[in-house]
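>>> Turn this into a structure:
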Amino acid sequence: MMRRVLVIVPFAMAPEHLALRREQLQGIELSPELQFEFRPVKAGPVNYSSHHDFVLADVANFEAGCRAQDEGFSAVCIDTMSDSGVAALRSVLDIPVFGPGKVSMLTALMLGERFSILTMASRWKPLYKKALDELGLHHKCASVRAIEVAPDNQALLAGKEEDVFPLLEAAARRAIEEDGADVLILGSTTMHQSHAWLSQRLPVPVINPGPLSYKMAEAALGLGLAQSRQAYPRPLHPRLDMLQAMQAAAQNAAERPS
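All right, here's what the predicted structure looks like:
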């Protein structure tokens, strides 16, 4: 029986940019009985560089997946290391919901003792701090190494490989040799194009967060597992219609010429 998994992409974008996100499915083995569908949000932040953006991202991702179970999906994955909207979606869905952020950190500790996060810009560090705070894992994070290259959440790393990949490798080697990391995590699903290149050159495991979340969804479905209703209680007064109306209005406002 074919099962559908919804992957929520945290930015509004054109089909050609959505295809770059879908490329995360390449190079990993997934059950042929799973069909992954990528869906951008209706409206959201331009980037994830402040707490202003984090609030908008939670709302955008929550709305994009809040009816996933009614639409026939069997699981939901969030395509951002911030895990934006995961907790809210878990409160309204019975199907498993995964983000790549906490999953990557916890998986790193199954592969080694301490991990470092490779990221494009220091402005993203609050995203990792939030997850580390909630997991209580600051002592297991050797470092967050930023290469200070402006991220592009639409075109990703396409066309910048020759410049960005060596910078990421250099940062990775410092994380290993100077900080003591024995596992590395790519700090964004927008960096997925660098994974194969880095994995071939570095002496430690490199976690590609997006595909890891897909495998977690696959495993949860195979094992019949989903989030705990004790940890994520249902809302007493759901306002999903209001949420969807808010996002529809935001989408219309974003599409109007300024």
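>>> in the stretch 151-258 of the chain, which spans are strands?
Applying DSSP state E, counting those that start in this stretch to the stretch 151-258 of the chain gives strands spanning 183-186, 206-207.
>>> Point out the most buried one among the ones you listed.
Highest mean neighbour count among those (mean count of other C-beta atoms under 10 Å): strand 183-186, with a mean of 26. Heads up, the C-betas are built off the backbone N, CA and C, glycines and all.
>>> For the strands of the stretch 151-258 of the chain, give me a markdown table that also has distance to A196.
What follows is the strands of the stretch 151-258 of the chain, written out as a markdown table (distance: least, C-beta to C-beta, whole Å):
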| stretch | distance to A196 |
| --- | --- |
| strand 183-186 | 11 |
| strand 206-207 | 9 |
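>>> Of all the ones you listed, which one is nearest H192?
strand 183-186 (6.9 Å; C-beta to C-beta).
>>> name the helices or strands packed onto that closest one?
Judged by 3 or more C-beta pairs under 8 Å, 6 or more residues apart in numbering; DSSP states H and E, strand 183-186 is in contact with helix 100-111, strand 115-119, helix 161-177, helix 195-199, strand 206-207.
>>> Adjacent strands (with direction) for that strand?
If you go by DSSP bridges, strand 183-186 pairs up with strand 115-119 (parallel), strand 206-207 (parallel).
>>> Nearest to L6, out of these?
Taking C-beta to C-beta, strand 206-207 is the member of the strands paired with strand 183-186 nearest to L6, at 22.2 Å.
>>> Tell me which residues are up against the closest one.
For strand 206-207, contacts defined as C-beta atoms under 8 Å, 6 or more residues apart in numbering pick out 104, 107-108, 111, 115, 172, 183-186, 195, 198-199.
>>> winner for burial among the helices and strands packed on strand 183-186?
Mean neighbour counts were compared across those using mean count of other C-beta under 10 Å; the top stretch is strand 115-119, at a mean of 27.
>>> for that one, the distance to its chain's centre please.
Taking C-alpha atoms, centre = their mean, to the nearest Å, one finds strand 115-119 lying 14 Å from the centre of the chain it belongs to.
>>> Could you pull up the mean pLDDT of it?
In this model, strand 115-119 has an average pLDDT of 97.
>>> A196 contacts G27, doesn't it?
Yes: using C-beta atoms under 8 Å, A196 makes contact with G27 at a distance of 6.7 Å.
>>> ok, back up a step: so which of the strands paired with strand 183-186 comes closest to G65?
strand 206-207 (23.3 Å).
>>> ok, D179 - how many residues close by?
15 (other C-beta atoms under 10 Å).
>>> now do A64
For A64, using other C-beta under 10 Å, the count is 24.
>>> For it, list the residues it contacts.
Neighbouring residues of A64 by C-beta under 8 Å, 6+ apart: I8, R39, P40, V41, K42, G85, Q247.
>>> Now distance to H138 and pLDDT too, for these, in CSV please.
Formatted as CSV, the contacts of A64 follow (distance: C-beta to C-beta, whole Å; pLDDT from 0 to 100):
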residue, distance to H138, pLDDT
I8, 28, 97
R39, 33, 96
P40, 33, 95
V41, 30, 96
K42, 35, 94
G85, 24, 97
Q247, 34, 94
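>>> Thanks again, I'm all set now.
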